[in-house]
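Student: Provide a 3D model corresponding to the input given below.
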Amino acid sequence: MKQTLLNLLPPATVAALLLFWSNVPAAFVNTDGALVVVILAIVVFVQLLELRFERHEGWRINWRELATDGFYVILGFTAINWLTNHLAEGPLQVAKASLGLATPWLKTLPIVVQTFMIMALFEFGQYWMHRLMHNNALFWSTHAPHHHITQLNAAKGYVGNPIELFLISLSVIALFDFDKAAIFASASLGTAISTFAHANVRSDPPAWYSFFFTTIRHHSLHHTALSYEDTRCNYGNVLILYDRIFGTYREGESAVVGQDERRRLSIREQFLFPFQPWLERLKARTS
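Tutor: So this is what the prediction gives:
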C-alpha cells in the first residue's frame, strides 16, 4: 500500500497544482514572488521525500551536493531569470506589440486547457533544443556539465553551465495572450514533473502518467554513464511524449550516471567547460 501511494505522488502533485492554480485568487497570482514561492515549495517537498523514500543509496544527498544544488537554484531565480527577461521575453513582447499580434481568445479557454497548451508549446522548444545539444559539438559543450553530475536529486535540473541554463529557458510563450494563472500553473506543473524526474525518490508512476510525462526511469537512462551515445535518447524534460512521437524514446533505467568516467565537476569547472579548448590553447601558447 505504501509503495502504491508513493507511485501516485507525481500525478497527485500535478493534480493538486492544477486545482490550486484553477482556484487561487487573482490577488495571489499578481503578488510579487508568488510563482517562486510555489516552485521552491515543490523542490523542497520532493527533496524531503528523498530523505525518507530513497531510490538509490549511491544518489544519497550530502551537504556538498545540497550546497551546489542550492547555488544553482539561486542562480536560476536571479541571473538566469534576469537574462531571460531582458534578452528574450522583453524583446519578444516588444516584437509582439509592434507586429500587432493578439490572441485574446486564449484567455477564454478553461485554465486547464491553457495550462497544457503552454506546456506543449514550451516543451516542444525544449525538446528540440535539448536534442540539438546532444547532436552538435558546440551546443554539447554547454550541456555536457549537466551530464557530469554523478547522482540525481530533486534540484539537479537546475545544475549546468549558465549558457545552457539560458538557452533552455527560451520560449515563444510571450507572443501569446495566455492567462497569467495558466502560465504559472504550467511552470509549476513542469517543475513538479521535472523535479520528480531528477529525484532520488522510490516512485514509479502509473503507465498512463509515464506515457505522457517524463519520470526518473526515463531521465536516469538519459543520464547514463555508459557512454555519450547512450545519452542520446529521452530528451523530454517534462513531456516524454515528444520522444515517443519523434523516435528518440528508449525504455529502461540507469542507477549509474555521469560522463568522462563519472568525473564530478566543480562549479568553476562547470562555468568554464565550454571555453576549455580555447583556455588550453592559450595555456599552451604562454607556457
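
Student: okay, CA-based contacts and neighbour counts for the rest of this
Tutor: Will do.

Student: Now do the helices in the stretch 51-200 of the chain.
Tutor: Under the criterion DSSP state H, counting those that start in this stretch, helices of the stretch 51-200 of the chain are mapped to 63-75, 81-84, 90-99, 111-133, 137-147, 162-167, 180-198.

Student: gap between the last one and the chain center?
Tutor: Okay, so that is helix 180-198. Here helix 180-198 is found 9 Å from its chain centre; the criterion is C-alpha atoms, centre = their mean, to the nearest Å.

Student: Tell me which residues are up against the helix or strand following it.
Tutor: Heading C-terminal from helix 180-198, the first helix or strand you meet, by DSSP states H and E, is helix 207-212. When contacts are defined by C-alpha atoms under 8 Å, 6 or more residues apart in numbering, helix 207-212 is touched by residues Pro11, Leu239, Ile240, Leu241.

Student: among the helices of the stretch 51-200 of the chain, which is nearest Gln270?
Tutor: helix 137-147 (5.3 Å; C-alpha to C-alpha).

Student: now that closest one: mean pLDDT?
Tutor: Helix 137-147 shows a mean pLDDT of 95.

Student: That helix to helix 111-133, inter-axis angle?
Tutor: Interaxial angle of helix 137-147 relative to helix 111-133 (axes from the mean of the first three to the mean of the last three C-alpha atoms, to 10 degrees): 110 degrees.

Student: start the count at 14, not 1, going forward
Tutor: Got it, first residue is 14 now, which makes that one helix 150-160.

Student: contact partners of helix 150-160?
Tutor: With contact meaning C-alpha under 8 Å, 6+ apart, helix 150-160 is reached by 145-147, 172-174, 176-177, 236, 270-272, 278, 283, 286-287.

Student: again, only using 7 Å
Tutor: For helix 150-160, the external contacting residues (C-alpha atoms under 7 Å, 6 or more residues apart in numbering) are 145-147, 172-174, 176-177, 236, 271-272, 283, 286-287.

Student: Now find how far off-centre it is within its chain.
Tutor: 15 Å.

Student: Stretch 148-160 too?
Tutor: With C-alpha atoms, centre = their mean, you get 16 Å for stretch 148-160.

Student: Identify each buried residue in that stretch, please.
Tutor: Using 16 or more other C-alpha atoms under 10 Å as the test for burial, stretch 148-160 gives Phe152, Trp153, Ser154, Thr155, His156, Ala157, Pro158, His159, His160.

Student: what's the answer for stretch 122-132, then?
Tutor: Neighbour counts using 16+ other C-alpha under 10 Å place Ile124, Val125, Gln127, Thr128, Phe129, Met130, Ile131, Met132 of stretch 122-132 among the buried residues.
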